[in-house]
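> here is a sequence together with a model predicted from it:
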Amino acid sequence: MTDLDGVEVRSLYDTYPSFAIDVAVEQAALARADVVVWQHPICTGTRCPVYSSTGSTRSSFAAGPTARAAPRCAANAASGVATTGGDDHSFSAQACIARPFCAYVPPMEQTARFCGMHWEDPIILKGAHRVPEAALDAAAALYRTRVAELIARGGNGS
């Protein structure tokens with residue numbers, strides 16, 4: 001993805017392993033962006049019932065002590081890319097999660113809207129640890145295409 005012109009990849013896990021996020025630095029990075037894509041796993045197992053993006057995904061701009069006065073992000077669009085351990089069946093009424101995946105998207109969407117961005121539908125790869133290599137390749141190609149399209153549009157959502 002970094003070979004696409006204008007793409008800056010920021011790994012909050014690598015940059016802030018203790019989760020002590022430098023809010024000002026991350027706000028500055030977001031202020032430079034035309035498009036923001038939050039990429040993260042969503043834990044859906046019985047040993048780790050998180051069911052949402054991690055706090056660090058959103059806290060760098062829309063939370064913390066500056067949340068009420070946070071400037072609007074310069075980005076015009078935001079989207080999410082997430083992997084889950086649960087497969088399609090896991091998100092059915094008959095399974096342990098018992099809710100469709102779309103029920104877990106609103107926190108990401110609302111964060112984008114709070115920051116003044118247009119929300120784009122996320123890319124979700126369910127059962128990521130069990131999908132065949134061809135499915136991973138297809139998901140990666142879709143991801144790359146989506147990012148390239150958003151960049152080409154300037155993230156304006158049209």
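Sure thing, it's come through.
> show me the helices in this protein, by range?
Using DSSP state H, the helices of the chain run over 12-15, 23-32, 55-62, 106-114, 133-153.
> now do the buried residues in the longest one.
When neighbours are counted by 16 or more other CB atoms under 10 Å, the buried residues of helix 133-153 are found to be Ala139, Tyr143, Arg146, Val147, Leu150, Ile151. Every C-beta, even on glycine, is put in place using the N, C-alpha and C of the backbone.
> measure the second one to Ala134 for me?
The one in question is Tyr143. Applying CB to CB, to the nearest Å, the value for Tyr143 to Ala134 is 15 Å.
> please pick out the residue of this protein most distant from its centre.
Farthest-out residue of the chain from its mean C-alpha position, per CA atoms, centre = their mean: Gln94, at 27.0 Å.
> do you know the pLDDT at that residue?
Per-residue pLDDT puts Gln94 at 84.
> and the gap between it and Leu150?
36 Å.
> what's around Phe114, how many residues?
By other CB atoms under 10 Å, the residues close to Phe114 number 16.
> need the pLDDT of it.
The model's pLDDT for Phe114 equals 80.
> check Ser52 too.
53.
> low-confidence ranges in the protein?
Low-confidence segments of the chain (pLDDT under 70): 43-75, 155-158.
> find the residue at the geometric middle of it.
Trp38 (2.5 Å).
> isn't it up against Val105?
No. The criterion here is CB atoms under 8 Å, and Trp38 misses it with Val105 at 11.1 Å.
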